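A.B. asks: A predicted structure for the sequence below; I have some questions about it.
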Number of protein chains: 2
Amino acid sequence: MPRSAARLADIAPFHVVELLTRARELEAAGRDIIHMEVGEPDFATPAPIVAAAVDALNSGKTLYTQALGLPELRQAISDFYRHRYGVAVPASRIAVTNGASGALNLAFACLADPGREWLLADPGYPCNRHILRTYEGRPVSIPVGPESNFQPTPAQVGAAWNEHTAGLLVASPANPTGTLLTLPEIAALAEVCRARDGHFLVDEIYHGLTYECDAPTACAAGDDIWVINSFSKYFQMTGWRLGWMVIPEAFVRDVEKLAQNLVLCPSTPAQYAALAAFRPETIAILEERRAEFRRRRDFLAPALEAIGLSVVARPEGAFYLYCNCSAVAADSFALARKLLEDAGVAATPGLDFGANAPEKYIRFAYTTGVDRLAEAVERLRRHCGR
Amino acid sequence: MPRSAARLADIAPFHVVELLTRARELEAAGRDIIHMEVGEPDFATPAPIVAAAVDALNSGKTLYTQALGLPELRQAISDFYRHRYGVAVPASRIAVTNGASGALNLAFACLADPGREWLLADPGYPCNRHILRTYEGRPVSIPVGPESNFQPTPAQVGAAWNEHTAGLLVASPANPTGTLLTLPEIAALAEVCRARDGHFLVDEIYHGLTYECDAPTACAAGDDIWVINSFSKYFQMTGWRLGWMVIPEAFVRDVEKLAQNLVLCPSTPAQYAALAAFRPETIAILEERRAEFRRRRDFLAPALEAIGLSVVARPEGAFYLYCNCSAVAADSFALARKLLEDAGVAATPGLDFGANAPEKYIRFAYTTGVDRLAEAVERLRRHCGR
Ligand SMILES: Cc1ncc(COP(=O)(O)O)c(C=O)c1O
Ligand SMILES: Cc1ncc(COP(=O)(O)O)c(C=O)c1O
C-alpha cells in the first residue's frame, strides 16, 4: 500500500477542531454557544477595502501578477513602514504572500535544510513547527513562562543553540499569550543569532492590535532580520489570504524563485483590495475596532481572574488571554470539553500550543462583543462555582 | 554569513521572465510587442463569477473557511464530476486549494519523502520539479518526444522505475505541448504505478480547453489516483488562486492536517466566486471562449508550419503550440531573444520546460486574438525570410 511521507507522523491537526465540530453539533441541536476559541476578528473587512476589490474586479483585474506581488502594493507596504514606524524598508525587499502562512512557508522553504534545528517558543503558534517540519527542518522548543513574559530570552537562546541550530523564530505580540518584545529585547535576540551566523525571523502578524503602546518592528533592529506580517488580523482580511514578508536583501532572489515556482503569485483581487488598507479612512475604522478590542480585554482579563482563571502573561496585544486554569481543573483539555458541554463556552486548550505544561493553560479569544463576553463570564462563574 | 538551504541551488527561476522584462522595456520605449509567451487566458473572469464574488464581499463573507474549503464548493465540484464526466467522486475526497499550484504543493508535502524519486515528463510544466525538490523529493525526467505524442508510455515508466521511485506525475492536456492521454493510456500508466505500490498524480488543469473532444478524467481510472485541477484556465480565474485536488480516501486526513497548518484555508472570496463557475450561464460563456481558442489554434498551427516552425505534437488542448524551430535557428533561446528584439514577438524558449533538447523548441501561446496572431505570423515570416 502506498503511504504518506514520514513527516506526516509529526504533523498534528488542530485539536480545537474537535471542539468546534462538537460546538456545531450542539448549535444544530439548538444550544447557544459563545465562541472564544476563534483566532480571527469578528469584524468583516472594512468597507473601503471591499470597495477597492469590487472596483478591481469590475475592471477585469483578475490575471496573475508578478510573483512577489504588485509593485504598487510592495511600495505601499514600504511607505507604511516609513509612516507608521519611521523605518526605511525598500519595496524591493518586500514580498507579498498568501497570508503570514504563505510567508512562513516561503521563509522555511528558503532557509530550512533537512535536519537543521530551529528554535521556537513553547507555547507558540502551532503551525510554525509543522510548517518547518514539512520542509524537513527540525523544530526545537524553548519553554517560556511567566518569568520571561512568555518570550524567549537571549540567555535561553544562547543556551539552546548548538552546532545544528540554524535560527530562531519569535512572534511579537505572541499567540497564544499576546505578550510583546521591546526593541532592545528584539535587538538582543538578533545579536545572539547574528553572532552565530544564524537566521532570525520575527512574526509581527498582531501588530496594530496592541493596547498600551505600538509594538516596535524588528525592521528597526537590522536589515538581516526576516519580518513576517499579514493583512489578516489588524486589517481584518483573514479569508483573503494576504500577507507580506520583509526579506534580507541577499535572500530576495531566492524567495522570488520559490514564489515563481510554488505559488505563481498572491491573490490578485486581494492585492487590489489591500491597496486601500493603508488609506486614512480605512485606518480610522481599524483604530476604532482596536479601541473596541481594548475595551473587551479590559473587561475580560479581571473578570477571568476573579473566577480563578489567572491571566499569567501581560496581554499587551493580539486578542487572546492565556489563562492558568490549574486552580479550576487538573487538565485544560478536559476543562475545555466540559466548558463547551455544560456552559456553552468554547475555548482553546493549551495542547494546541505546544508541550510546555499545556494541561495547565487555556486560551480565551475576545473576538466577540462585550455583552457576549459578560454572558460567557457569568456562565464560567457558575460552572466554576465562584 | 547565513545562507539559503541547499535546495535553492536546484531551483531555477523562469527564464521567460528575462524576456518579459526586456519586453516591458521595449514597450516603455514605444515598441509594439505581441505577447505569445503568456500562460494564461487573455479573457477577464466571466461576469457571473465576478458577480458572485461581489455579492459575497458585500455580505461580509471575508472570514477563514474550513481548511479543505467550503462544504458547498466541495459538493459543487463533486457534482461537476458527475455531470461533466459521469464519474462519482464524493465531496469528502475533494480539497479546495490555492490553485493547481497549491494542490501540487500539498500533494508533494504529503507524499514526497527525502531522496525518493518521482518520474516527470520532459518537456513538462517547469514548476513540478521545483515544487518536488522543495519537499526534498528527487525529480527524475522521462524524456518524451513526438514518437509518443510527448507523453510518457507505460514501457518508459516501467523501465525508469527503480527501488527509489515513489511515483509518477503526468499532465493531460500537457504544458507545453497540449497533448492528451486517452483513458486507456491513463489506465495503463495507473496500472504500472499500482503494480509497484507507487503514487500516480494527474494534472488536469487544461481540462475544458480541448478542441477535438473532451479529455477523459483520471478519476474514471481508479480512486487511488490523485487528480489536480484548477479554476485558473478553463474558468479563467488565474489571479484568484483557486484550484482543487481529488485525493485517494486514505490520504484525505493527512492532506487536511497539512492544509490546516500550511495554508489555513483557500481564499474565501475566490471560493464564493467559484460557486458560480458551474452555472449554465457561466458555462455558456466559457464554451464560447473555448470555441475562440479553437479558431486561434486552427489559424496559428498551419501558419507556423508554413514558416518552418513545425508543430511536432498533436495540440489537442491547452493554448500552446510547441514548435521545433531547428529549421530556423540553432538555439531556441537565442531565437526567442531575436524574435523579441527584431520582430516584437514574445515566445517561451524550450529551456523553461526541461533539459530534453530544449534548444530545438519554442512555445507559442495563442492567448491573444486572431488579428494579433496574424500580425505575429507576418512578423515571424519576415524575420525567418520565408
Ligand atoms: C502568530 C501567527 N502567525 C501566523 C498566522 C497565520 O495567519 P495568516 O496566514 O492568516 O496571515 C497566525 C494565524 O492565526 C498567527 O496567530
Ligand atoms: C500544467 C500546469 N499545472 C499547474 C499550473 C498552475 O496553475 P494554477 O496554480 O494557476 O492553478 C499551471 C500554470 O500554468 C500549468 O501549466
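C.D. replies: Good, I have the coordinates. Ligands and ions are numbered 1, 2, ... in the order given.

A.B. asks: okay, now the residue of the stretch 201-350 of chain A found nearest ligand 2: neighbour count?
C.D. replies: Nearest residue of the stretch 201-350 of chain A to ligand 2 (Cβ to the nearest ligand atom) works out as A:Leu264 at 5.2 Å. Placement of C-beta: from N, CA and C, glycine included. Around A:Leu264 there are 24 other residues, counting by other Cβ atoms under 10 Å in any protein chain shown.

A.B. asks: what sits against it?
C.D. replies: A:64, A:67, B:99, B:101, B:127, B:241 (Cβ atoms under 8 Å, 6 or more residues apart in numbering or on different chains).

A.B. asks: check which helix or strand covers the closest residue in space to A:Ala306 that isn't next to it in sequence.
C.D. replies: Nearest non-adjacent residue to A:Ala306, counting by Cβ to Cβ, 6 or more residues apart in numbering or on different chains: A:Arg386, 7.2 Å away. In the assignment (DSSP states H and E), A:Arg386 maps to no helix and no strand.

A.B. asks: which residue sits closest to A:Cys325 in space, ignoring its chain neighbours?
C.D. replies: Nearest residue to A:Cys325, sequence neighbours excluded (Cβ to Cβ, 6+ apart): A:Ile362, at 4.9 Å.

A.B. asks: partners of the strand or helix carrying the one you found, with directions?
C.D. replies: A:Ile362 belongs to strand A:361-365 when assigned by DSSP H and E. Sheet pairing for strand A:361-365, assigned by DSSP bridges, gives strand A:320-324 (antiparallel), strand A:348-349 (antiparallel).

A.B. asks: Next secondary structure element downstream of the first one?
C.D. replies: Same thing as strand A:320-324. helix A:332-338.

A.B. asks: what sits up against that following helix?
C.D. replies: Residues contacting helix A:332-338 (Cβ under 8 Å, 6+ apart): A:15, A:19, A:22, A:325, A:328-329, A:346-351, A:358-362, A:383.

A.B. asks: Taking chain A, what residue is nearest to ligand 1?
C.D. replies: For chain A, Cβ to the nearest ligand atom, closest residue to ligand 1: A:Gly99, 2.7 Å.

A.B. asks: Now for the nearest residue to A:Cys219 once chain neighbours are set aside, how many residues are close by?
C.D. replies: With sequence-adjacent residues excluded and distances taken as Cβ to Cβ, 6+ apart, A:Cys219 is closest to A:Val87, at 4.8 Å. Number of residues near A:Val87 (other Cβ under 10 Å) recorded here: 19.

A.B. asks: Correct me if wrong, but A:Val87 is in a strand.
C.D. replies: No: assessed by DSSP: H, G, I helix; E, B strand; the rest coil, A:Val87 does not belong to a strand; its assignment is coil.

A.B. asks: before we move on, back to that, so which of the contacts of A:Leu264 reach ligand 2?
C.D. replies: Applying Cβ under 6 Å from any ligand atom, the subset of the contacts of A:Leu264 adjacent to ligand 2 comprises B:99, B:101.

A.B. asks: Taking the contacts of A:Leu264, tell me the two that lie furthest apart.
C.D. replies: Maximum pairwise distance in these, criterion Cβ to Cβ, is 13.9 Å, between B:Cys127 and B:Arg241.

A.B. asks: These two - which one has more neighbours?
C.D. replies: Using other Cβ under 10 Å as the criterion, B:Cys127 and B:Arg241 rank with B:Arg241 on top: 29 against 21.

A.B. asks: secondary structure element for A:Ile142?
C.D. replies: A:Ile142 belongs to strand A:138-143, assigned by DSSP H and E.

A.B. asks: That strand close to chain B?
C.D. replies: No: for strand A:138-143, no contact with chain B is found by Cβ under 8 Å from any Cβ of the partner chain; the gap never falls below 11.9 Å.

A.B. asks: Strands along chain A, start to end?
C.D. replies: With strands called from DSSP state E, chain A shows them at A:34-35, A:94-97, A:117-122, A:138-143, A:165-171, A:199-203, A:226-230, A:243-246, A:310-311, A:320-324, A:345-346, A:348-349, A:361-365.

A.B. asks: From A:Asn175, how far off is A:Leu209?
C.D. replies: 11 Å (Cβ to Cβ, to the nearest Å).

A.B. asks: which neighbours do those two share?
C.D. replies: A:Ala318.

A.B. asks: So for these two, which residue has more residues nearby?
C.D. replies: Neighbours per residue, other Cβ under 10 Å: of A:Leu209 and A:Asn175, the larger number sits with A:Asn175, 26 against 22.

A.B. asks: need the contact list for that one.
C.D. replies: Counting by Cβ under 8 Å, 6+ apart, A:Asn175 has contacts A:39, A:124-125, A:205-206, A:318, A:320, A:353.

A.B. asks: how about the longest helix anywhere in chain A: buried residues?
C.D. replies: Counting residues, the longest helix in chain A under DSSP state H turns out to be helix A:280-307. Of all the residues in helix A:280-307, those buried under the rule 16 or more other Cβ atoms under 10 Å in any protein chain shown are A:282-283, A:285-286, A:289-290, A:292-294, A:296-297, A:300-301, A:303-304, A:307.

A.B. asks: got it, and stretch A:69-78?
C.D. replies: A:69-70, A:73-74, A:76-78.

A.B. asks: CA atoms of that stretch as CSV?
C.D. replies: C-alpha atoms of stretch A:69-78 as CSV (Å, rounded to 0.1, in the frame of the first residue of the first chain):
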residue,chain,number,x,y,z
GLY,A,69,3.2,41.0,-5.8
LEU,A,70,2.1,44.2,-7.5
PRO,A,71,4.9,46.8,-7.4
GLU,A,72,2.4,49.4,-6.2
LEU,A,73,1.4,47.2,-3.2
ARG,A,74,5.0,46.5,-2.3
GLN,A,75,5.6,50.3,-2.5
ALA,A,76,2.5,50.9,-0.3
ILE,A,77,3.9,48.5,2.3
SER,A,78,7.3,50.2,2.2
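
A.B. asks: for that stretch, the distance to its chain's centre please.
C.D. replies: 22 Å (Cα atoms, centre = their mean, to the nearest Å).

A.B. asks: Nearest to chain B: which residue in the stretch 101-250 of chain A?
C.D. replies: A:Gly239 (2.9 Å; Cβ to the nearest Cβ).

A.B. asks: any idea how far chain B is from A:Ala357?
C.D. replies: 22 Å (Cβ to the nearest Cβ, to the nearest Å).

A.B. asks: I figured A:Ala221 was touching A:Ala187, is that so?
C.D. replies: Yes: counting by Cβ atoms under 8 Å, A:Ala221 touches A:Ala187, with 4.4 Å between them.

A.B. asks: Which of those two has more residues huddled nearby?
C.D. replies: When A:Ala221 and A:Ala187 are compared for neighbours, A:Ala221 comes out ahead with 23 against 18, by other Cβ under 10 Å.

A.B. asks: residues in contact with that one?
C.D. replies: A:183, A:186-187, A:190.

A.B. asks: what about 10 Å?
C.D. replies: A:87, A:181, A:183-191, A:200, A:202, A:227 (Cβ atoms under 10 Å, 6 or more residues apart in numbering or on different chains).

A.B. asks: Fine by me, thanks again.
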